[in-house]
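Trainee: what shape does this take:
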Amino acid sequence: MSKAQLVITAVVLEGRSKSEVAREYEVSRQWVQQLCQRYEADGDAAYLPRSRRPHHSPQTTAIEVEDRIIMLRKTLTRRGLDAGADTIAAHLATDPSIPNVPAISTIWRILKRRGFVTPQPHKRPRSSWKRFEAELPNQRWQADVTHWHLAHGGGAEILNIIDDHSRLAVANLARRTITGPDVTTTFIAAFCTWGPPASVLTDNGAIFTGQPRRGGRTALEITLGELGIRYLNSRPYHPQTCGKIERFHQTQKKWLTAHPAATLAQLQILLDEFTDYYNSVRPHRSIGRTTPIQAFNARPKATPTGYLIPAHCRVRTDVIDAAGVITIRYNSHLHHIGLGKRRRGTKVTVLIDDRDIRVLDRGTGELIRKLVLDPTRDYQPRGVKCGNSPENRLKV
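Mentor: Sure thing, here's the model as predicted:
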């Protein structure tokens, strides 16, 4: 028996006063009075709980605005563009017929109620993500290759390059197969348009890097080294390091799915159209709902500050051991180069030009040591500090 039924029974059938019943059941006398009035008007229906929903809510989103939200959702999805609550809010803000744009959370609830969004409560929360972003435009570019199928059959590959800070789509190229020369030519053209970046980040694809298993250097690595642009690789089997370019692939492919390309030439035209829209029109959530070109032009540009690596240098990577030493081979003999125990565990790049040796910190590009190898000694002398300039930090 519900509490409402107990209260009504005590007053109506037992004849007890409303104040006494209110004190016994620890409720307000006003509520007891309301229950008795409901019983007189509706009979036994007064025992059932009633909704507390208000009869009128001035803050409710107008049905015309809800219909506009649904129309935008369908239109953006059909065009292969992002159609989330953030993007819909940005489009509503440009509509003069809607003076008060609903909150993003309200738009999300409308999409959910209309059946356009399926909640995914088991997804990893955003608060657990570890994000990193370059502080300046051209401080770091990300590049990667993705695959695509043409409408009339046959596969294609797309090379994409974006700016880490502004998300600007720097370049894109469609080929049946992307080759090393294609990558180098695309980067050089991008340098002429946007300026050379301070660093470049890619995965370990063979068209990008010859490390760590293949040995030698690719054309891209040689070109970047000669310009003083630091070249960085992601950890193998860890695409999250290049997460921005991977997410760009997803956005790009939504557009291509909505605009099928039959030939490679059509695919390149569509890529150029998408790049123009993406850079100049589409507001980007990760950069404060501005466009990439606005974010790129808003701050000064970073420039290459890395160590210049001549094309004829042999380049290898290593890790300083617990004794503060790395080992190189010269004329089939091993030679040990001391770098200091305080640097143990540091990843380094070693530039070898015959007996001229330079050791760089892979993380910062700092010149750790410069020496001329003495082939008669297994352990090279530590040398003497002679100045604070990077070129003369340590000499032998």
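Trainee: what residues are up against the closest residue to Ile88 other than its chain neighbours?
Mentor: What sits nearest to Ile88 in space, not counting adjacent residues and going by Cβ to Cβ, 6 or more residues apart in numbering, is Leu72, at 5.0 Å. From N, CA and C alone the C-beta is placed, and that goes for glycine too. Contact partners of Leu72, counting by Cβ atoms under 8 Å, 6 or more residues apart in numbering, are Ala83, Ile88, His91, Leu92.
Trainee: between those residues, which has the most around it?
Mentor: Neighbour counts for the contacts of Leu72 (other Cβ atoms under 10 Å) peak at Ile88, which has 25 neighbours.
Trainee: what helix or strand is that one on?
Mentor: helix 85-93 (DSSP states H and E).
Trainee: please save the CA atoms from that helix in PDB.
Mentor: The C-alpha trace of helix 85-93 is given here as PDB (Å, rounded to 0.1, in the frame of the first residue of the first chain):
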ATOM      1  CA  ALA A  85      26.400  18.700 -32.400                       C
ATOM      2  CA  ASP A  86      29.400  21.100 -32.500                       C
ATOM      3  CA  THR A  87      29.200  21.400 -36.300                       C
ATOM      4  CA  ILE A  88      25.400  21.900 -36.300                       C
ATOM      5  CA  ALA A  89      25.700  24.600 -33.700                       C
ATOM      6  CA  ALA A  90      28.300  26.400 -35.800                       C
ATOM      7  CA  HIS A  91      25.900  26.400 -38.800                       C
ATOM      8  CA  LEU A  92      23.000  27.500 -36.700                       C
ATOM      9  CA  ALA A  93      25.100  30.500 -35.500                       C
END
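Trainee: now it: how far from the chain's centre is it?
Mentor: Chain-centre distance of helix 85-93: 20 Å, with Cα atoms, centre = their mean, to the nearest Å.
Trainee: and if you look at stretch 249-260?
Mentor: 18 Å.
Trainee: with stretch 96-113 instead?
Mentor: Mean C-alpha position of stretch 96-113 versus that of the full chain (Cα atoms, centre = their mean) differs by 25 Å.
Trainee: quick check: buried residues in it?
Mentor: Buried residues in stretch 96-113, counting neighbours by 16 or more other Cβ atoms under 10 Å, are found at Ile98, Val101, Pro102, Thr106, Ile107, Trp108, Ile110, Leu111.
Trainee: do stretch 248-261 as well
Mentor: Applying a neighbour-count criterion of 16+ other Cβ under 10 Å, one finds Phe248, His249, Thr251, Gln252, Lys253, Lys254, Trp255, Leu256, His259, Ala261 buried in stretch 248-261.
Trainee: just to revisit the earlier point, A helix includes the residue nearest to Ile88, no?
Mentor: Yes: applying DSSP: H, G, I helix; E, B strand; the rest coil, one finds Leu72 inside a helix.
Trainee: circling back to that earlier point, now, among the buried residues of stretch 96-113, which is nearest to Asp318?
Mentor: Distance to Asp318 across the buried residues of stretch 96-113 (Cβ to Cβ) is lowest for Trp108, with 50.3 Å.
Trainee: just confirm the closest one is within a helix.
Mentor: Yes: assessed by three-state DSSP, Trp108 belongs to a helix.
Trainee: so who does it touch?
Mentor: Ala85, Val117.
Trainee: pLDDT score for it?
Mentor: On pLDDT, Trp108 comes in at 91.
Trainee: ok, Gln142 next?
Mentor: Looking at Gln142, its pLDDT is 96.
Trainee: just Arg124 next, same as before
Mentor: For Arg124, the model assigns a pLDDT of 67.
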